[in-house]
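Trainee: Sharing a model prediction with you, sequence too.
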Amino acid sequence: MVRIRFAICVICLMLLSSALAESSWSQINQTVEKQENWKQIVTDTSDFELGEAVPYEPGSELKIGKWGTYPSIDGSTVCVPMAMEFARQWLGLGEEDLEGFVNFSTTPNAYDRLTEGKGNPQVTIVSRNLMMEDTHPIDLVLGTAPNADERNAAKAAGMNLVMVPICYDAFIFMVNGDNPVNSLTAEQIRGIYTGTYDEVNGVEPVIDDWAEVGGISGEIQAFQRPHGSGSQTAMEELVMKDTPLITAEENMISGGMSDAVQRIGGYNNGSDAIGYSYLYYVSSLYVEENIKVLAIDGIEPSAKNLRSGAYPYTVCYYAVYEDGNETAARFADWMTSDEGQACIAQAGYISLR
C-alpha cells in the first residue's frame, strides 16, 4: 500500500513539474496565496462541483477526476490568481493543490485549445490523488480579449465566442527606475513604436531619443512582445490602432512577460528601455524593484481612473466561451454577480463595481 501511494505521488508530482515548466507559472516570481484576512464568500458550493472520480486503472488509488458542473478553465497568466480564488471558494482546494489545478497555458495557447476543442492535459489535485480528465474540452478562457487571428480562427471553426467582461486592469508602459521620464502622451508612444522610411537608414522610429520626450539623451530601446500574446494584441489594437508597429529586431522581442520586466528593470542599458505589460502583472505576479510605471497623458492607472475610463489604456479581463456552453455561461454569470465580484476583488483585481 505504501509503495502504491508513493507511486501515485511520484506520478502526480511529475505531471505537476511538467505543467509548471510549460505554463503561466514560469512567468510568475511571486508567491500567490490567499491573504491573511481571506474569507469564504461563496455560501452555497453546490452549484459548481467536480464530478465523481474514477480509478486510473483497476486497483489503483490514482484517480481520473471528472469536471462535473465546474468548468475546465484555461487562460492568461494575469488571471491565474483569480482562478485560484475560484477553486478555493467553490472546491475548497488548499494552497498545496492550487498550482497543479490552475494550469494556465498563456493567452494564445488557451485560445487555441478553446477553438480546437482541446482539453488541458496536466491538471492535478495531488492531495486527492487526482489527475483531471484531459479529454474534456476547455469550457472557459479567463484573460485578455482574443486578437483578430484568434477571432477569425474561432469563426472558421464555426464558433460564436461570447465575451463577458469581469474586471478592470491597466495596459501600462514601463521604464527603468533610473529614467527621469514619468509620463508620455499617447502620441509620443505611437511615435516611439512606429517608423518612417529613410533612403539611407531604411525605416527609423519617428521618436528614437529620450531627449525628444523630456528625458536624458539616449537611444530609446523599445521592446515588443510576440504577435498573439495578450499584451501584443492590446498594443496593436488599443494603442496603435490604425498605425502600424515598426518591425522589431528579434533581440527586442520579449518571449514572455517576465522577460520584458527583467530586461527593462535589470537590462545593462535599462535606463533607455521601454516596454509594456499589465498593471496587475507587474505589481502582483512578477515584481522587479527597478521598474517604473508611466502615466499616460498625465493620468495615472489608478482604480478610480480605470473605473471612470479616464486612463486611456483601460482594459477588461474577460470570460470567453463558445455560445451554447451552459456550464461556462452559468459560471460567467456568477463572476459578474455581487458574490463573484467580491471573490475577484479578494484576489486583488479591480472589480467592475
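Mentor: Structure's in. What do you need?

Trainee: Where does pLDDT dip in this structure?
Mentor: Along the chain, segments meeting pLDDT under 70 span 1-22, 197-203, 267-269.

Trainee: got the domain boundaries for it?
Mentor: If you go by automatic domain parsing, the domain ranges for the chain are 39-167+317-351, 170-315.

Trainee: how long is the shortest one end to end?
Mentor: The one in question is domain 170-315. 6 Å (Cα to Cα, to the nearest Å).

Trainee: next one: the first one
Mentor: From the first residue to the last, domain 39-167+317-351 extends over 17 Å; the measure is Cα to Cα.

Trainee: That domain: how far from the chain's middle?
Mentor: Between the mean C-alpha location of domain 39-167+317-351 and the chain-wide mean there is a distance of 13 Å, by Cα atoms, centre = their mean, to the nearest Å.

Trainee: Neighbours of the closest residue to Ser229 other than its chain neighbours, how many?
Mentor: Nearest residue to Ser229, sequence neighbours excluded (Cβ to Cβ, 6 or more residues apart in numbering): Thr107, at 6.0 Å. Glycine gets a C-beta too; all of them are placed from N, C-alpha and C. By other Cβ atoms under 10 Å, 28 other residues sit near Thr107.

Trainee: what's the distance between Thr107 and His227?
Mentor: 12 Å (Cβ to Cβ, to the nearest Å).

Trainee: if we can go back for a sec, distance to Ser26 added to the domains of the chain, as TSV?
Mentor: Below are the domains of the chain laid out as TSV (distance: least, Cβ to Cβ, whole Å):
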stretch	distance to Ser26
domain 39-167+317-351	9
domain 170-315	7
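
Trainee: looking at the ones you listed, which is closest to Ile28?
Mentor: Counting by Cβ to Cβ, Ile28 lies closest to domain 170-315 out of these; the figure is 4.8 Å.

Trainee: show me what contacts Met240?
Mentor: 190, 193-194 (Cβ atoms under 8 Å, 6 or more residues apart in numbering).

Trainee: In this structure Val320 contacts Val141, no?
Mentor: Yes. Assessed by Cβ atoms under 8 Å, Val320 is found in contact with Val141 at 4.4 Å.

Trainee: Of the two, which one has the most company?
Mentor: Legend: neighbour count by other Cβ under 10 Å for Val320 and Val141, higher for Val141 (28 against 25).
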